[in-house]
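1. Model the structure of this input:
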Amino acid sequence: QVQLIESGGGLVQAGGSLRLSCAVSGMTFASYGMGWFRQAPGKEREFVGALNWIGSVTLYAEAVKGRFTISRDNAKKTVSLQMNSLKPGDTAVYYCAASRTYKSDDNGASYAYWGQGTQVTVSS
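-> You can find the predicted model right below:
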């Protein structure tokens with residue numbers, strides 16, 4: 001059974017930082033691309049960042065470029081999202097997801113498995 005468990009969310013003031021982590025089990029983690037998505041209240045889910053199976057190719061949404069960094073540790077089967085210079089507009093539930101392929105991808109339909117999400121709230 002594939003499981004993705006996010007952690008690290010919380011409440012932070014604007015300009016602050018948070019680091020999200022996602023622990024993965026039940027799949028050959030090192031063979032698949034991974035991604036982070038988010039969903040704010042009343043809005044559709046949107047892409048945040050992704051990386052390929054080895055972490056050599058990364059993609060970011062324009063809204064987070066230069067502020068967020070995605071990384072992975074294949075030995076520990078974890079993927080992380082370092083979020084700096086947070087803004088109130090970053091408030092959302094953040095989800096990690098495992099791709100159906102080895103590639104990085106910004107299309108949610110390309111992801112087969114999803115975590116339960118972790119809340120990030122940025123106060124002004």
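2. for Ala61, what are its contacts?
-> By Cβ atoms under 8 Å, 6 or more residues apart in numbering, the residues touching Ala61 are Glu46, Phe47, Val48, Gly49, Asp106. Every residue, glycine included, has its C-beta placed from N, CA and C.
3. Show the contacting residues for the second one.
-> In this structure, Phe47 makes contact with Gly35, Phe37, Leu59, Ala61, Asp106, Asn107, Gly108, judged by Cβ under 8 Å, 6+ apart.
4. Most neighbours of all those, which one?
-> Gly35 (27 neighbours; other Cβ atoms under 10 Å).
5. Sheet partners, orientation included, of the host helix or strand of it?
-> Secondary structure assignment for Gly35, by DSSP states H and E: strand 34-39. Partner strands and pairing direction for strand 34-39 (DSSP bridges) are strand 46-51 (antiparallel), strand 92-99 (antiparallel).
6. Residues in contact with it: which ones?
-> Taking Cβ under 8 Å, 6+ apart as the rule, strand 34-39 contacts 20, 22, 24, 45-51, 70, 72, 79, 81, 90, 92-99, 104-106, 108, 111, 117, 120.
7. Buried ones among those?
-> Buried members of the contacts of strand 34-39, scored by 16 or more other Cβ atoms under 10 Å, are 20, 22, 24, 45, 47-51, 70, 72, 79, 81, 90, 92-99, 104-105, 111, 117, 120.
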